[in-house]
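Participant: Have a look at this fold, sequence not included:
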């Protein structure tokens, strides 16, 4: 593999892990496969090295990841706040995975940021805030799990990586690349895959559980969204899908049910960018994806968000309709960013 990591960062991480006895691993709110895969994967490794390692998440992980080894041991702040506080207060090191700003931890952010122990950030999102003693940030990585694997290998700990740890890490790699279909320009990623498979990971099961298995109501909700709520804006080559709170309630929405929905309109030939707006309790959640290097991150920045160039998000504090209108008004400004030669848009 190419040597991409900074030697001084790897050395500092090794020293911090070596000196710590009680380690908390944490991630962003509404954790996905990369967030849970990186934290659980590191937790398994650290326990094998004799450390006390606990995963603490801001809220409940999606049930699609329940197959992961150690999933049932995750401490959830919104459900067990006193226990999570005790774990954080007793920790002598906190490892923050897969988020670039404290605000991405929602109500748990003050607990982590005010903790007196040292902190490490391991992440692949752009423009991270300086929120840890050691910042390990590589936006060109496909996922935080790829970065975690590279760190483990650079620290000489590959031999200590168990099948359980490798399964968690591979899950994050698979989910963030949509089974190696996006964010994987560097061919080294396939060597990472090979090394994880050597540990005995069942890739077929991971794909089935994390990407292809869903509930009856989740499938119904997606069908409703695509049939009734999907709008195409031909001149902008954009798709916009909205779901209101009443619609979510009607289809018995649970967290994780709309995972991947934003990607579906990109299957339409000629669509370059897709936006999914979901009405939440106190805001509208915006998810954005694109192809052909179209900068949806720039659009999300107009809403106070950001992310990767072709995978970004934001929150809008207002009504769902106001969010939709603002987005539609902004889209024409970015027509100049579309590639000059595009396939025909195949819609009636």
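Facilitator: Cool, the structure landed. Since the model is a prediction, treat every value here as computed from it, not as a measurement.
Participant: same for the worst-scoring helix or strand of the chain on mean pLDDT, what does it pack against?
Facilitator: Ranked by mean pLDDT, DSSP states H and E, the helix or strand of the chain with the weakest confidence is strand 306-308, at a mean of 83. Judged by 3 or more C-beta pairs under 8 Å, 6 or more residues apart in numbering; DSSP states H and E, the packing partners of strand 306-308 are helix 296-301, strand 311-316. Placement of C-beta: from N, CA and C, glycine included.
Participant: Show me the helices in the chain, by range?
Facilitator: All helices of the chain, identified by DSSP state H, fall at 7-19, 33-48, 81-90, 109-113, 144-154, 163-176, 188-197, 203-207, 216-224, 245-250, 296-301, 320-330.
Participant: which helices and strands sit right next to the second one?
Facilitator: Going back to what we said before, that points to helix 33-48. Contacts defined by 3+ C-beta pairs under 8 Å, 6+ apart place helix 33-48 against strand 22-26, strand 52-57, strand 93-97, helix 144-154, helix 163-176.
Participant: Quick check: residue 155 touching residue 12?
Facilitator: No - applying C-beta atoms under 8 Å, one finds residue 155 not in contact with residue 12, separated by 11.0 Å.
Participant: ok, how many other residues are close to the residue lying closest to residue 183 once chain neighbours are set aside?
Facilitator: Nearest non-adjacent residue to residue 183, counting by C-beta to C-beta, 6 or more residues apart in numbering: residue 142, 4.3 Å away. Residue 142 sits with 23 neighbouring residues when counted by other C-beta atoms under 10 Å.
Participant: Could you do the one 10 residues further on as well?
Facilitator: Neighbour count for residue 152, taken as other C-beta under 10 Å: 21.
Participant: Looks like it contacts residue 46 (just checking).
Facilitator: No - with contacts counted by C-beta under 8 Å, residue 152 stays clear of residue 46, the gap being 10.5 Å.
Participant: Just send the helices of the chain back as a markdown table, with mean pLDDT and distance to residue 257 too.
Facilitator: Listed next are those as a markdown table, based on pLDDT from 0 to 100; distance: least, C-beta to C-beta, whole Å:
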| stretch | mean pLDDT | distance to residue 257 |
| --- | --- | --- |
| helix 7-19 | 97 | 36 |
| helix 33-48 | 98 | 15 |
| helix 81-90 | 98 | 25 |
| helix 109-113 | 97 | 25 |
| helix 144-154 | 97 | 23 |
| helix 163-176 | 97 | 15 |
| helix 188-197 | 96 | 28 |
| helix 203-207 | 97 | 19 |
| helix 216-224 | 97 | 4 |
| helix 245-250 | 97 | 8 |
| helix 296-301 | 95 | 22 |
| helix 320-330 | 98 | 17 |
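Participant: Looking at those helices, which is nearest to residue 66?
Facilitator: For these, proximity to residue 66 was assessed by C-beta to C-beta; helix 33-48 is nearest, at 10.1 Å.
Participant: starting at the chain centroid, how far to the closest one?
Facilitator: 14 Å (C-alpha atoms, centre = their mean, to the nearest Å).
Participant: Buried residues of it, list them for me.
Facilitator: For helix 33-48, a neighbour-count test (16 or more other C-beta atoms under 10 Å) marks 33-47 as buried.
Participant: residue contacts, the closest residue to residue 25 other than its chain neighbours?
Facilitator: Spatial nearest neighbour of residue 25, excluding adjacent residues (C-beta to C-beta, 6+ apart): residue 39 at 4.1 Å. Taking C-beta atoms under 8 Å, 6 or more residues apart in numbering, we find residue 39 in contact with 25, 26, 27, 55, 57, 95, 97, 98.
Participant: Could you measure from residue 39 over to residue 73?
Facilitator: 11 Å (C-beta to C-beta, to the nearest Å).
Participant: Quickly list what's touching both of these two.
Facilitator: By C-beta under 8 Å, 6+ apart, the residues touching both residue 39 and residue 73 are residue 55.
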